[in-house]
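**Q** test case, fold it:
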Amino acid sequence: GGKTVTVAGMCKGSGMIHPNMATMLCFVVSDVSISQGLLQKALSDDVADTFNMISVDGDTSTNDSVLLLANGLAENTEITEENEDYQAFCEALHEVMESLSKKIAGDGEGATCLFEVKVLGAPTKEAARILAKSVVTSSLTKAAVYGHDANWGRILCAMGYSGADFDPEKVDLFIESAAGKLQLTENGRALPYSEETATRILSEKTVTAVADLKQGNAHATAWGCDLTHKYVDINADYRS
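**A** A predicted model of the protein is given here:
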């Protein structure tokens, strides 16, 4: 409605992070004027693609919370329906929530990189989410990322045991980072690639694995981190 609205957030957590919702504390605040019902809807809808898509170690605890507060001080006309203003607020909220989610995942205990998994061409959104989560939580895949090893077999294996229905003989796999992009499989079959190039790509601070199922238009992204010696050291030395 012509008013400037601000959305800000903070969160903490680096271990015991896993869907659903990931074990951490997150507080998002805004000066938007909006009905309580729509504020809750905006948060609940967005959590599905942000904090419910991150994992550090597969462990959860009992204190995970995401709180969204709004005080109306922006003095915009109160948002009471899902109109253009509501969509604009949801877009801003998503930008903050996704940014915080990625920071939590990349700051996992002992982590050296943010590990992102994108599933494209899935038959349904739910299948894409399940597959992306399965890969990002795979200990073997996370260890391979730490070792800068383009082990596509571990990625396909994690997809296979996810429970989601897909045709492995159609899957194209890629790895990418700021150092470049490399295709590992085409239609489920291994492609020749440079080990040196793969290592360079996997040595960046953010590493992405992309799986194109070529079975639909749905997609999803999950975020995690590599599994390192330091993670074991931190948690082995911990005393309650």
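
**Q** the helices in this structure, which residues?
**A** In the chain, the segments counted as helices under DSSP state H are 36-47, 84-106, 125-136, 139-146, 152-160, 195-202, 229-237.

**Q** helix or strand with the lowest mean pLDDT in the protein?
**A** helix 229-237 (a mean of 92; mean pLDDT, DSSP states H and E).

**Q** for stretch 175-191, measure first residue to last.
**A** 13 Å (CA to CA, to the nearest Å).

**Q** show residues contacting that stretch.
**A** Stretch 175-191 is contacted by residues 150, 152, 156, 167-174, 193-194, 197-198, 200-210 when judged by CB atoms under 8 Å, 6 or more residues apart in numbering. In this view, the C-beta of every residue, glycine as well, is placed from N, C-alpha and C.

**Q** switch the cut-off to 6 Å
**A** Identification of contacts with stretch 175-191 by CB atoms under 6 Å, 6 or more residues apart in numbering yields 150, 152, 168-174, 193, 197-198, 200-201, 204, 207-209.

**Q** show the average pLDDT along stretch 189-199.
**A** The predicted model assigns stretch 189-199 a mean pLDDT of 96.

**Q** quick one on the thing from earlier: just put the helices of the chain in TSV and tack on distance to residue 78 and mean neighbour count.
**A** Listed next are those as TSV, based on distance: least, CB to CB, whole Å; neighbours: other CB atoms under 10 Å:
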stretch	distance to residue 78	mean neighbour count
helix 36-47	9	16
helix 84-106	10	18
helix 125-136	31	23
helix 139-146	45	21
helix 152-160	45	20
helix 195-202	48	16
helix 229-237	46	12
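
**Q** and the ones you listed as TSV, adding distance to residue 74?
**A** Shown next, in TSV, are the helices of the chain (distance: least, CB to CB, whole Å):
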stretch	distance to residue 74
helix 36-47	13
helix 84-106	10
helix 125-136	32
helix 139-146	42
helix 152-160	44
helix 195-202	43
helix 229-237	42
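
**Q** which one of those helices lies nearest to residue 28?
**A** For the helices of the chain, proximity to residue 28 was assessed by CB to CB; helix 84-106 is nearest, at 6.1 Å.

**Q** elements contacting the closest one?
**A** Helix 84-106 sits against strand 7-12, helix 36-47, strand 218-225, with contacts defined as 3 or more CB pairs under 6 Å, 6 or more residues apart in numbering; DSSP states H and E.

**Q** so what's the gap between that helix and the chain middle?
**A** Its chain's average C-alpha position is 12 Å from that of helix 84-106, according to CA atoms, centre = their mean, to the nearest Å.

**Q** likewise stretch 11-31?
**A** When C-alpha coordinates are averaged (CA atoms, centre = their mean), stretch 11-31 and its chain have centres 13 Å apart.

**Q** compute the first-to-last residue distance for that stretch.
**A** Termini of stretch 11-31 sit 19 Å apart (CA to CA).

**Q** what residues of it count as buried?
**A** Across stretch 11-31, burial judged by 16 or more other CB atoms under 10 Å covers 11, 13-19, 21-24, 26, 28-31.

**Q** so which of those belong to strands?
**A** 11, 26, 28, 29, 30 (DSSP state E).

**Q** how close does the nearest residue in space to the third one that is not next to it in sequence get to residue 177?
**A** By that I understand residue 28. Of all residues not flanking residue 28 in the chain, residue 9 sits nearest, at 4.0 Å (CB to CB, 6 or more residues apart in numbering). Distance from residue 9 to residue 177, counting by CB to CB, to the nearest Å: 26 Å.
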